[in-house]
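Engineer: no sequence for this one, just the structure:
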């Protein structure tokens with residue numbers, strides 16, 4: 001009798017283990033959101049457009065529906081949540097390890113038309129951008145630096161990156177943009193753009 005009960009107990013555990021394996025391998029369980037995904041999702045929710053580059057296309061300037069709305073959104077989400085703010089800052093640093101991405105984040109954003117009712121993503125006025133006019137005058141980094149709870153850590157991170165970028169010649173992306181836009185004196189280089197953003201903090 002004891003042997004029979006022991007065998008039944010073993011079968012029960014085996015079935016439970018199989019059930020866990022099926023549920024663990026199913027699509028119902030979502031992978032944890034990375035810090036980079038958290039960062040991108042939050043700025044897009046704040047009105048930033050054209051962060052991703054679809055179909056291997058060339059990345060253009062970022063667009064924003066309203067810079068003030070973006071600042072309010074970031075402040076509202078991050079001001080009182082230190083853990084979320086820490087993850088968001090890690091996400092910012094992760095995505096901006098890529099020099100081209102950092103360069104785009106330092107350039108002035110274009111004003112985007114807000115998505116209209118019934119618009120198709122990727123069409124004019126949809127989530128894919130399409131533009132709403134000229135430049136808003138502020139870069140993504142400058143908008144971030146204007147949020148009180150983000151200013152000190154982001155400024156410190158930029159200052160730490162600055163000498164590395166200069167020593168490694170990390171201003172190639174900015175120099176290419178400088179040639180396209182007709183800028184002079186290195187103002188369009190990544191180190192030059194960083195200095196210009198920090199000047200106003």
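Structural biologist: Noted; the coordinates are in hand. Note that the structure is predicted; figures quoted are calculated from it, not measured.
Engineer: hmm, residue 46 is touching residue 73, no?
Structural biologist: Yes. Assessed by C-beta atoms under 8 Å, residue 46 is found in contact with residue 73 at 3.6 Å. Where you see a C-beta, it was placed from the backbone N, CA and C, and this is true even at glycine.
Engineer: between those two, who's got more neighbours?
Structural biologist: When residue 46 is set against residue 73 and neighbours are counted by other C-beta atoms under 10 Å, the residue ahead is residue 46, at 22 against 18.
Engineer: check contacts around that one.
Structural biologist: Residues in contact with residue 46 (C-beta atoms under 8 Å, 6 or more residues apart in numbering) are 69, 70, 73, 74.
Engineer: mind giving me the ChimeraX select for the residues you listed, buried ones only?
Structural biologist: Written as a ChimeraX command, the selection of buried residues from these, which uses 16 or more other C-beta atoms under 10 Å, is:
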select :70,73,74
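Engineer: output the contacts of residue 46 in a markdown table; the columns should cover distance to residue 191, secondary structure and pLDDT.
Structural biologist: Below are the contacts of residue 46 laid out as a markdown table (distance: C-beta to C-beta, whole Å; DSSP: H, G, I helix; E, B strand; the rest coil; pLDDT from 0 to 100):
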| residue | distance to residue 191 | secondary structure | pLDDT |
| --- | --- | --- | --- |
| 69 | 30 | helix | 96 |
| 70 | 25 | helix | 97 |
| 73 | 29 | helix | 98 |
| 74 | 25 | helix | 98 |
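Engineer: export the contacts of residue 46 to JSON lines and tack on distance to residue 62?
Structural biologist: Putting those into JSON lines (distance: C-beta to C-beta, whole Å) gives the following:
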{"residue": "69", "distance to residue 62": "14"}
{"residue": "70", "distance to residue 62": "11"}
{"residue": "73", "distance to residue 62": "15"}
{"residue": "74", "distance to residue 62": "15"}
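Engineer: can you give me the strands in this structure?
Structural biologist: Per DSSP state E, the chain has strands spanning 48-49, 63-64, 108-111, 135-139. These are given in chain order.
Engineer: counting contacts, what elements does the last one pack onto?
Structural biologist: The reference is to strand 135-139. Applying 3 or more C-beta pairs under 8 Å, 6 or more residues apart in numbering; DSSP states H and E, one finds that strand 135-139 contacts strand 108-111.
Engineer: and residue 38, how far is that from residue 89?
Structural biologist: Distance of residue 38 to residue 89, computed by C-beta to C-beta, to the nearest Å: 10 Å.
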